[in-house]
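Peer 1: Predicted model and sequence follow; I will ask about them next.
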Amino acid sequence: MTEKEKCELGMLYDANFDQELVRERGHCKNLCQQYNNLPYSDYKKREAMIRSIIPRSQSAFLIEQPFWCDYGYNTEIGDNFYSNHNLVILDGAKVKFGNNVFIGPNCGFYTAGHPENTTKRNQGLEYARPITVGNNVWIGGNVTVLPGVSIGNNSVIGAGSVVTRDIPENVVAAGNPCKVIRPVDDLK
């Protein structure tokens, strides 16, 4: 079984020394660097480049520069997606964003985790768990979303939150660790 297959099954895998994964990550990082260096005013080149990084995307989306991800092919973006500057997606596992998702600056979505066992961790082993963000979700600035988390439709994640567990639909959640504060107020 390859390291990539182990990763896809949620098993511990070697991302640091497996040549296939190193090559794929390097290719994606080079594309991200090219994207980040494009002039902001060159919308056509920026759109073409970001679509080459994240081929699984709907018609209307914008990711402000700079942007970094590990593989690109594991990220799926719905329609009407917007992310402000400094988005980081460590997409060893699938990261799926629904429609009408808005993300503040300096946010990270990290599917990668590492064993507590020092022997395994020092061998360079890690695991990856998928992240799912539903439709109509607003994520404030400086939010971190950890491996295996799902955020439900119509929810709001407050700035500075660290999302360590699933967040249900139709709630405002914030904090470190992120917790539900109240239902969404449709009048606000």
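Peer 2: Now that the structure is in, tell me what you want to look at. Numbers count the residues shown, from 1 in each chain.
Peer 1: Name the single longest helix found in this protein.
Peer 2: Longest helix in the chain, counting residues (DSSP state H): helix 19-37.
Peer 1: Could you list the buried residues of that one?
Peer 2: In terms of neighbour count (16 or more other CB atoms under 10 Å), helix 19-37 has its buried residues at 21, 24-25, 28-29, 31-32, 35. In short, each C-beta sits where N, CA and C put it, glycine included.
Peer 1: Could you list every helix and strand in contact with it?
Peer 2: Counting contacts by 3 or more CB pairs under 8 Å, 6 or more residues apart in numbering; DSSP states H and E, helix 19-37 packs against helix 3-8, helix 43-53, strand 67-69.
Peer 1: which one of these is the most hemmed in?
Peer 2: Among those, the stretch with the highest mean neighbour count (mean count of other CB atoms under 10 Å) is strand 67-69, at a mean of 19.
Peer 1: contacting residues around Ala93?
Peer 2: Taking CB atoms under 8 Å, 6 or more residues apart in numbering, we find Ala93 in contact with 7-8, 10, 74, 111, 128-131, 147.
Peer 1: Need these in TSV (columns: secondary structure, distance to Gly104 and pLDDT).
Peer 2: Converted to TSV, these look like this (DSSP: H, G, I helix; E, B strand; the rest coil; distance: CB to CB, whole Å; pLDDT from 0 to 100):
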residue	secondary structure	distance to Gly104	pLDDT
Cys7	helix	29	94
Glu8	helix	30	93
Gly10	coil	29	93
Asn74	coil	22	97
Thr111	coil	20	98
Ala128	strand	24	97
Arg129	coil	23	97
Pro130	coil	22	98
Ile131	strand	17	98
Pro147	coil	21	98
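Peer 1: Could you turn the buried ones of those into a PyMOL selection?
Peer 2: Here is the PyMOL command that selects only those of these that count as buried (16+ other CB under 10 Å):
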select buried, resi 7+8+74+111+128+129+130+131+147
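Peer 1: Just the closest of the contacts of Ala93 to Ile103, please.
Peer 2: Here the nearest of the contacts of Ala93 to Ile103, counting by CB to CB, is Ile131; it sits at 12.4 Å.
Peer 1: I appreciate the help and will end here.
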